[in-house]
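J.: test case, fold it:
(2 chains)
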Amino acid sequence: MDLSAINPVLLIASLMVAATPLLFAAIGELVVEKSGVLNLGVEGMMIIGAVAGFATAVETGSPMLGFVAAAGAGAALSVLFAILTQYAQANQVASGLSLTLFGLGMSALLGQSYVGIKPPQMLKIDLPLLSDLPVVGPILFGHDLMLYVAIAVIAAVWAVIKFTRIGLVLRAVGENHDAAHALGYKVVRIRIMAILFGGACAGLGGAYISLIRVPQWTEGMTAGIGWIALALVVFASWKPWRVLLGAYLFGGVTVVQLNLQAAGVAIPVEYLAMSPYLITILVLVILSADKSSAPAALGRNFHAAR
Amino acid sequence: MIRLEKRPQPSRAWSLATPLLAVLATMIAGGLLFAALGKDPVEAIRTIFWEPLFGEFSFYYRPQLLVKGAPLVLIAIGLSLGFKAGIWNIGAEGQYIMGALFGAGVGLAFYPFEAWYIFPLMVIAGGFGGWIWAMIPAFLKVRFGTNEILVSLMLVYVAEQFLASMSLGLLKNPEGRGFPGSRNLQQYDSAHNAELIAGSGMHWGVVAALIAVIFAYVLLNRHMVGYHIRLTGEAPRAARFAGVNPTRLILFCLGTSGMLAGLAGMFEVSGPSGQVSIDFNVGYGFTAIIVAFLGRLHPVGILLAGGLMALTYIGGDIAQSNLQLPSAAIQVFQGMLLFFLLAFDLLTNFRISLGKPEVS
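T.: Numbering: from 1, shown residues only, chains lettered A, B, ... in the order given. Model (predicted):
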């Protein structure tokens, strides 16, 4: 065992990379839940995004196009969820589960011919001088573009929810859909927009895993990150910046765990690999006492009687 | 203009018809999918649904129907109790693994001692393993109000890692020449869940599944607990006023479903699968969710749905070897089924009316 081999600067830099898929997926789901919809299909939308992004990037040679395709694929899958819950009035929990089961199967089918291929590399942002700074350079200025996009999305969602009329309407729909409907807001339309946004974000998160984090395509490669993202929204008590905090915390656990595996700590690999899931449970337990910040209409279907 | 009117009561006729409609729609959509993969859609559908039952080698495939259907029905019966009451255990896959590990662990502890009581002990241990794993989300929910969906699902990943650790470590076959995986329980008579009638596919797991169906039917229709479950699902507020104890209901529903999933895992590991190995679990715990919904959360429906889903598994295998249909295509097929089912459920709860709204 050699813990001195772990470089704290690289640790923090790779923690940010590990957290980014979670950031995307969780901020998307946060918006969905703010509108009063619980979409448990995050895992399915992520994995579809992962395979769509990977395939597109390999075929076109452009990772950026891959991310665009991933967002499109995630949103396309979320349309199915929107139809089921907003038009067919299906149970949201069951619909979300079906999305995940379908997504996992579909991605395995689509990804068959892409197993074992290396995707085109995403260029890292390289700012002369800044990127070369010791410590600060690799942590703040040495990443790929999408990592900064994820943080920008968080900032944007925070600003929109807090300061704009759209954010106010979104929250109104999520808190009390009957009142929002009475005020003349199109509840179903707003929720569908939110679901689509969530799907696109989950798709981006998935593609980040297959194109940058790993980078490779393997079946079921999201390995529960979509579900952790759902837990993260609870952890963040539906506040955007807390999503960032939570994601970095989980990213940290994952990276430290991987580093300990590599350093050959006396704990068996399997028990280290369990730790992110166990810590997710622990965090859920600690935070579930306070449910007051959850959108009041979360998980309830809306049907205008007239 | 198309409008939806909520039915005062769910339509019974539609409730029975929607699963059939969903299967039909899935066949059509699945056919299109298979055509897109360059396979003959009619041939593929025929291979999946006809070949295992009436094809040339049906004598081999029919017993498989019981072998694959039993764990699905067993798990789905348990899940349906919770789903009815709005308690979502979606970690049956983890409980299935833990049941298998506990059951196999007890069996292997006795090796090579032969006695009649070893198998019953394994059954108890298997049920206990699943129960205790489901009690974690149940306890956390009643004590801290933690979301049982997320906790039970997280525990699937934990159980998978635990399974890997066990098959590489504690339960590894000492005479296995270093290969991962436990001793084969099929070669250990006292622990072997053998076929009750040779060549029929009928093992103790099938018996347990049938008992579970009857038990669930009686519970839901003739027992107070079943009434409380239905009441909580349909009218939570009324249930509270009627004095239903939600804590006990959560513990009961999650515990029962965990126990049944654990039993399914135990019967699988000691019978058809034979050994604990890293890739022991094949997703029955998740497919059982589809089975539960396809069976309309009704015990008899689940029995039929389990048979149908087992058919798609076996037919999928045949299509894989005969038509080179990718195995993932069947997974998509099963996922589609749930989609269509949820979509068609609209017809059960709503009436679709055309034309202008009338003044009431």
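J.: please make it C-alpha for all contacts and neighbour counts, starting now.
T.: Fine.
J.: got the contact list for the most centrally placed residue in chain B?
T.: Central residue of chain B (CA atoms, centre = their mean): B:A288, 2.5 Å from the mean position. B:A288 makes contacts with B:72-73, B:75-76, B:79, B:306, as judged by CA atoms under 8 Å, 6 or more residues apart in numbering or on different chains.
J.: what about 7 Å?
T.: Contacts for B:A288 (CA atoms under 7 Å, 6 or more residues apart in numbering or on different chains) come out as B:72, B:75-76.
J.: return the subset of these lying in helices.
T.: Among these, DSSP state H puts B:72, B:75-76 in helices.
J.: so which residues on chain A come close to chain B?
T.: A:84, A:88-90, A:98, A:101-102, A:105-106, A:108-109, A:227, A:231, A:270, A:274, A:277, A:281, A:284-285, A:288-289 (CA under 7 Å from any CA of the partner chain).
J.: quick one: A:P120 is in a helix?
T.: No. A:P120: not assigned to a helix; according to DSSP: H, G, I helix; E, B strand; the rest coil it is coil.
J.: so it touches A:L65, yeah?
T.: No. When contacts are counted by CA atoms under 7 Å, A:P120 is not listed as touching A:L65 (11.1 Å).
J.: give me the common contacts of those two.
T.: By CA under 7 Å, 6+ apart, A:P120 and A:L65 have these common neighbours: A:A57.
J.: point out the residues in the stretch 251-360 of chain B that sit beside chain A.
T.: Within the stretch 251-360 of chain B, the positions near chain A by CA under 7 Å from any CA are B:328-329, B:331-332, B:335-336, B:338-339, B:342-343, B:346.
J.: could you export these as CSV, including neighbour count?
T.: Formatted as CSV, these follow (neighbours: other CA atoms under 10 Å in any protein chain shown):
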residue, neighbour count
B:A328, 21
B:A329, 23
B:Q331, 23
B:V332, 21
B:G335, 24
B:M336, 27
B:L338, 28
B:F339, 26
B:L342, 26
B:A343, 23
B:L346, 22
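J.: please enumerate the strands of chain B.
T.: Secondary structure of chain B by DSSP state E: the strands cover B:2-6, B:350-354.
J.: hmm, back to that, just flag the most distant two among the residues of the stretch 251-360 of chain B next to chain A.
T.: B:A328 and B:L346 (28.5 Å; CA to CA).
J.: next one: phi and psi at the closest residue to chain A within the stretch 1-150 of chain B?
T.: Nearest to chain A in the stretch 1-150 of chain B, going by CA to the nearest CA, is B:T146, at a distance of 5.3 Å. Backbone torsions for B:T146, taken as degrees, to the nearest 10, come to phi -70, psi 150.
J.: ok, it - how many residues close by?
T.: 24 (other CA atoms under 10 Å in any protein chain shown).
J.: go ahead and confirm it touches B:A138.
T.: No. Assessed by CA under 7 Å, B:T146 is found out of contact with B:A138, at 8.8 Å.
J.: common neighbours of these two, please.
T.: Here B:T146 and B:A138 share no contacting residue, scored by CA under 7 Å, 6+ apart.
J.: tally of neighbours for A:I190?
T.: When neighbours are defined as other CA under 10 Å, A:I190 has 18 of them.
J.: in TSV, list the strands of chain B along with distance to A:C201 and mean pLDDT.
T.: Shown next, in TSV, are these (distance: least, CA to CA, whole Å; pLDDT from 0 to 100):
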stretch	distance to A:C201	mean pLDDT
strand B:2-6	32	72
strand B:350-354	33	74
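J.: redo the ones you listed as CSV? Include mean neighbour count.
T.: Shown next, in CSV, are those (neighbours: other CA under 10 Å):
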stretch, mean neighbour count
strand B:2-6, 15
strand B:350-354, 14
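J.: among those, which is nearest A:G41?
T.: It is, among the strands of chain B and with distance given as CA to CA, strand B:350-354, at 24.8 Å.
J.: re the thing from before, so what's the residue nearest to the centre of chain B scoring on pLDDT?
T.: On pLDDT, B:A288 comes in at 91.
J.: lowest-pLDDT helix or strand in chain A?
T.: When each helix and strand of chain A is scored by mean pLDDT, DSSP states H and E, helix A:136 comes last, with a mean of 65.
J.: ok, the residue nearest to B:F280 when sequence neighbours are not counted to chain A distance?
T.: Leaving aside its sequence neighbours, B:F280 sits nearest to B:S273 (CA to CA, 6 or more residues apart in numbering or on different chains; 7.6 Å). Distance of B:S273 to chain A, given as CA to the nearest CA, to the nearest Å: 23 Å.
J.: how many neighbours does B:S273 have?
T.: Using other CA under 10 Å, B:S273 has 17 neighbouring residues.
J.: now swap in A:A179 and tell me
T.: 13.
J.: over to B:M224?
T.: 11.
J.: any idea how far it is from chain A?
T.: From B:M224 over to chain A the distance is 26 Å, taken as CA to the nearest CA.
J.: and stretch B:205-212, how far from the chain's centre?
T.: The gap between where stretch B:205-212 is centred and where its chain is centred comes out at 13 Å by CA atoms, centre = their mean, to the nearest Å.
J.: equivalent analysis for stretch B:267-278, please.
T.: Averaging C-alpha positions (CA atoms, centre = their mean) puts stretch B:267-278 17 Å from its chain's average.
J.: can you dump the C-alpha coordinates of that stretch into CSV?
T.: Extracted in CSV, the C-alpha atoms of stretch B:267-278 (Å, rounded to 0.1, in the frame of the first residue of the first chain):
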residue,chain,number,x,y,z
PHE,B,267,-34.4,-21.9,-5.5
GLU,B,268,-32.4,-20.7,-8.5
VAL,B,269,-29.0,-21.1,-7.0
SER,B,270,-29.7,-24.5,-5.7
GLY,B,271,-31.5,-25.7,-8.8
PRO,B,272,-31.2,-24.5,-12.4
SER,B,273,-28.1,-22.3,-11.8
GLY,B,274,-26.4,-24.6,-9.3
GLN,B,275,-23.7,-22.3,-8.1
VAL,B,276,-22.9,-18.8,-6.8
SER,B,277,-21.0,-17.0,-9.5
ILE,B,278,-20.3,-13.3,-10.4
